[in-house]
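Trainee: after the sequence you'll find the predicted model.
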Amino acid sequence: MRKYQSVLVLAVAFSFVITVLPAPAAAKKQFLKSIAGHLDLSEELAKCSICHTGKDTEADADHLNVFGKDFRKALKEAPAKAKDARPLIAFEAVKDLDSDHDGVTNLEEIMLGSNPGDPNSKPDPEKLAEYRRNHPK
């Protein structure tokens, strides 16, 4: 009987590991998918590195760039009742900020393919000027 209990405990633990632990990464990918759909971003522009730093950008919540930290803060402040809309509410709160203080808003950087969390990543000046002409505030 003890042998079967041990097997049952291991089975439950294994099930937990394969179903619950990957959930944060899947949830974060869902955030990216939601925002990419909202902005109609191509797969080329919709990258985990928008928010994350390092090699394993998909699942590493501890390695957020400055934009990722701003987004996470806004996400925590978004109403819990909003459920699936929370990522969009959070994005709306940070899109006009310049998280990396490089003179370009987070939205402009994302739309033009640069990284809003890296001050060394800026859009081409001509493309930025054109974007600003076509999208006045």
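Mentor: Perfect, thanks for sending it. Values in this document were obtained by computation on a predicted structure and should not be read as measured data.
Trainee: point out where the chain drops to low pLDDT.
Mentor: Flagging of the chain using pLDDT under 70 yields the residue ranges 1-28, 55-61.
Trainee: redo that, cut-off 50
Mentor: Along the chain, segments meeting pLDDT under 50 span 2-27, 57.
Trainee: tell me the spacing between the closest residue in space to L88 that isn't next to it in sequence and D100.
Mentor: If the residues on either side of it in the chain are set aside, L88 comes closest to H38, at 5.5 Å by CB to CB, 6 or more residues apart in numbering. Backbone N, C-alpha and C define where each C-beta goes, glycine included. Going from H38 to D100 by CB to CB, to the nearest Å gives 21 Å.
Trainee: more crowded one of the two?
Mentor: Neighbours were counted for H38 and for D100 using other CB atoms under 10 Å; D100 has more, 22 against 12.
Trainee: element containing the more buried one?
Mentor: For D100, there is no helix or strand it lies in under DSSP states H and E.
Trainee: and the closest residue to it other than its chain neighbours, what is it in contact with?
Mentor: Nearest non-adjacent residue to D100, counting by CB to CB, 6+ apart: P119, 4.3 Å away. When contacts are counted by CB atoms under 8 Å, 6 or more residues apart in numbering, P119 touches D100, H101, D102.
Trainee: any chance of CSV for the residues you listed, columns distance to A80?
Mentor: Below are the contacts of P119 laid out as CSV (distance: CB to CB, whole Å):
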residue, distance to A80
D100, 29
H101, 31
D102, 33
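Trainee: of those residues, closest to K69?
Mentor: The closest of these to K69 turns out to be D100 (CB to CB; 10.7 Å).
Trainee: quick one, phi psi at that closest one?
Mentor: phi -100, psi 10 (degrees, to the nearest 10).
Trainee: surely it and S114 touch.
Mentor: No. Between D100 and S114 there is no contact under CB atoms under 8 Å: 9.5 Å.
Trainee: next one: A90 relative to K73, how far apart?
Mentor: As judged by CB to CB, A90 and K73 stand 8 Å apart.
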